[in-house]
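Enquirer: Sequence first, then the predicted structure:
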Amino acid sequence: MSSTIATLLRTTQLERLDAEILLAEVLGVTRSYLYTWPEKVLSSMAYQQFQQFTQRRFRGEPIAYITGRKGFWTLELEVTPATLIPRPETELLVEQALQRMTSQQVQSVADLGTGSGAIALSIATENPHSQLTATDQNPQTIQIAARNAIRLKIPNVQFLVCDWLSAFHPASFDMIVSNPPYIKVGDLHLQQLTYEPQQALVSGKTGLNAINLLVANAKYYLKAGGWLLLEHGYEQATAVQQHFQHSGYEQITTYLDLAGLPRVTVGQCLACPIN
Ligand code: GLN
């Protein structure tokens, strides 16, 4: 069956934006092309591919996994079901990290649980003199992150498969950043996130297991004056702040995301406990 771009967009059951993104992907064109050439007839292969994409979308698969791409900061990242899809609110973490770096000085930064590499690659591209270390416990995930670095030609990130901080020497970093899993086991929100890797989303009964581990341990791996920056759930700010306090961090501050929700908490380690 043949069809023009205009008819397809008129008759599709998908939401308009989803349909445009998927059709542009099938045709290998931009969305504005669809408006410039509405009378263009699709090949039967393109038509079939669009129908397949449509079915996947109807089953609830996120657009980013269908196209294999997601925009984050200034970068276009490859994503697969082995990586969380980068969220816009995580750009707040990047912003706060950049504010704590001066561009000329070489700084050593760890991004723990990097997924697609979104945070590490954004910081690295803004600060070519910095040295980023991006970790993930899943070898498949770290492969995607490393592939993103190569495709985007960002040389100052090294990638490592490891469990949080286990691979590092004490006092190694000027800054440690992470968007760890922070959703509670059984949280209803997870029903909308079934396509994404659960180990990147879920962290124990309170959702705070990974965050607690990072707050308790990061200080040993920070140099004196180093910063820890963590993304967390919007209801977790008080608990996270308290844990930062009990663990001896200073200058503790929580920042709001674009929706006005507390999303990132930071703290500074003025004296590294092992020095
Ligand atoms: N912000 C994501 C969500 O709620 C969760 C990401 C995470 O657990 N780190 O959809």
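Expert: Good, I have the coordinates.
Enquirer: What ranges does the chain have for its strands?
Expert: For the chain, the strands defined by DSSP state E occupy 69-72, 75-78, 108-112, 131-136, 157-161, 173-178, 222-231, 250-256, 262-269.
Enquirer: Other residues contacting the last one?
Expert: By CB atoms under 8 Å, 6 or more residues apart in numbering, the surrounding residues in contact with strand 262-269 are 89, 92-93, 96, 100, 215, 218-219, 222, 224-232, 234, 237, 240-241, 244, 248-257. C-beta here means a position set from N, CA and C on the backbone, and glycine is covered the same way.
Enquirer: quick one on the thing from earlier: now the strands of the chain in JSON lines, with distance to L193, mean pLDDT and mean neighbour count?
Expert: Formatted as JSON lines, the strands of the chain follow (distance: least, CB to CB, whole Å; pLDDT from 0 to 100; neighbours: other CB atoms under 10 Å):
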{"stretch": "strand 69-72", "distance to L193": "15", "mean pLDDT": "96", "mean neighbour count": "18"}
{"stretch": "strand 75-78", "distance to L193": "18", "mean pLDDT": "98", "mean neighbour count": "18"}
{"stretch": "strand 108-112", "distance to L193": "21", "mean pLDDT": "97", "mean neighbour count": "26"}
{"stretch": "strand 131-136", "distance to L193": "18", "mean pLDDT": "98", "mean neighbour count": "24"}
{"stretch": "strand 157-161", "distance to L193": "24", "mean pLDDT": "98", "mean neighbour count": "18"}
{"stretch": "strand 173-178", "distance to L193": "19", "mean pLDDT": "97", "mean neighbour count": "25"}
{"stretch": "strand 222-231", "distance to L193": "15", "mean pLDDT": "96", "mean neighbour count": "22"}
{"stretch": "strand 250-256", "distance to L193": "23", "mean pLDDT": "97", "mean neighbour count": "14"}
{"stretch": "strand 262-269", "distance to L193": "17", "mean pLDDT": "97", "mean neighbour count": "23"}
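Enquirer: I'd like to know which of these is closest to K184.
Expert: strand 222-231 (15.7 Å; CB to CB).
Enquirer: Dump the closest one to CSV, restricted to CA.
Expert: Output of strand 222-231 as CSV, limited to C-alpha atoms (Å, rounded to 0.1, in the frame of the first residue of the first chain):
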residue,chain,number,x,y,z
LEU,A,222,37.3,13.4,47.2
LYS,A,223,40.3,15.6,47.5
ALA,A,224,40.1,18.2,50.3
GLY,A,225,37.6,20.9,49.1
GLY,A,226,36.0,18.4,46.7
TRP,A,227,32.3,18.4,45.9
LEU,A,228,29.7,15.6,45.8
LEU,A,229,26.6,16.3,43.6
LEU,A,230,23.7,13.9,43.5
GLU,A,231,20.4,13.8,41.7
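Enquirer: any idea how far that strand is from the chain center?
Expert: When distances are taken as CA atoms, centre = their mean, to the nearest Å, strand 222-231 is centred 19 Å away from the chain's centroid.
Enquirer: helices or strands next to it in the packing?
Expert: helix 91-99, strand 173-178, helix 209-221, strand 262-269 (3 or more CB pairs under 8 Å, 6 or more residues apart in numbering; DSSP states H and E).
Enquirer: how far off strand 250-256 does the last one point, in degrees?
Expert: Angle between the axes of strand 262-269 and strand 250-256 is 160 degrees (criterion: axes from the mean of the first three to the mean of the last three CA atoms, to 10 degrees).
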